[in-house]
Structures are given as structure tokens and as C-alpha cells.
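[1] just need the structure, nothing else, for what follows:
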Amino acid sequence: MDTPKLMIRCPHCGATNRVPAARAGESPQCGKCSRPLLAGQPVELGDADFDAVVGAVGVPVLVDFWAPWCGPCRAMAPAFAQAAQQLGERALLVKVNSDDNPQLSQRFAIRSIPTLVRLDGGRETRRQSGAVPAAAIVALAGG
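    Next up, the predicted model:
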């Protein structure tokens, strides 16, 4: 079986990198510019790749269920990115567009957005609905 891979766009040079999900917590670096890939960058996942990635990552995963039309979601996006930067590789922050990924939204019983779900070893351990500041996001992720 193939190892699940994250497709991560380098925040520094823009190159797309394939990173084995199991190595996401090991400070992956860009193959082009050699700078950190996950330093302060949430990863977008969906119905097709969510389970493979989340199941292979050895750090807590914090999922932001959102939609582009949602005002509070858009307002919280900078705080989510700031929390990702603060946490570094201690947690993987993931964004899931609930409109584009209805199976995940249904599976996690998402009734309102934004909703943050913390996963440890693929299992839900905490949940927070509504827009929150970066400090609350970091605390929810366990940072």
C-alpha cells in the first residue's frame, strides 16, 4: 500500500512538495528552497485524502470545518493561520471546506461553522464551535 502523502505548497518559494503524512511532524523542508514547509501553514484536506493523512500523522490534528461564504469562518482564518505558525510542528492544522466535502461534514456531525475538531490518533478528543482567537486555537490544539 502506498504511504499517504500531503501535497504542501512551500510558503517561501511556491513549489509543491509531496511529503509522506507520517513524516509531517519531522520538520519537512522544501525540495526546491530547503526552507520549512509546515512552519505556520494549515493544510487543506478533503473527503478523498483526510483519513489517510490523519491516520498517518503522529501529532495532534486540529481540523477547521469552514465554508467560503461564512463570514465568521473568513474572520477566523487569520487567527487559524497565526495559531499554525505558533504551533509549528507540534500539531497539524487542517482546513476542510464543509461544502466541498459533505462526507466529512456528515461524519463529524458538523451543524455549524466554523467548528474546530481536535483529533488524537484519528479519534476526536475535543470540539469548539464558533470563531475563536488564535490563543484559544493554540490551547485547543494542546500547544
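[2] immediately after the longest helix along the chain, which helix or strand?
    Residue-count comparison of every helix in the chain, with assignments taken from DSSP state H, identifies helix 71-87 as the longest. Where DSSP states H and E defines the elements, the next helix or strand beyond helix 71-87 is strand 92-97.
[3] that older thread, so what does the longest helix of the chain touch, helix or strand wise?
    strand 61-66, strand 92-97, helix 134-141 (3 or more Cβ pairs under 8 Å, 6 or more residues apart in numbering; DSSP states H and E). For every residue, glycine as well, the C-beta is placed using N, CA and C.
[4] okay, and the beta partners of the spatially most central residue of the chain?
    Closest to where the C-alpha atoms of the chain average out (Cα atoms, centre = their mean) is residue 94, at 1.1 Å. As for beta bridges, residue 94 partners with residue 43, residue 63 under DSSP bridges.
[5] just checking, it touches residue 49?
    No: in this structure residue 94 lies outside contact range of residue 49 using Cβ atoms under 8 Å: 10.3 Å.
[6] least trustworthy helix or strand in this structure by mean pLDDT?
    One helix or strand of the chain scores below all others by mean pLDDT, DSSP states H and E: strand 5-9, with a mean of 73.
[7] now that strand: buried residues?
    Of the residues in strand 5-9, those buried by neighbour count under the rule 16 or more other Cβ atoms under 10 Å are 5-6, 8.
[8] tell me the one of the residues you listed nearest residue 120?
    Ranking these by separation from residue 120, with Cβ to Cβ as the measure, puts residue 6 on top at 18.5 Å.
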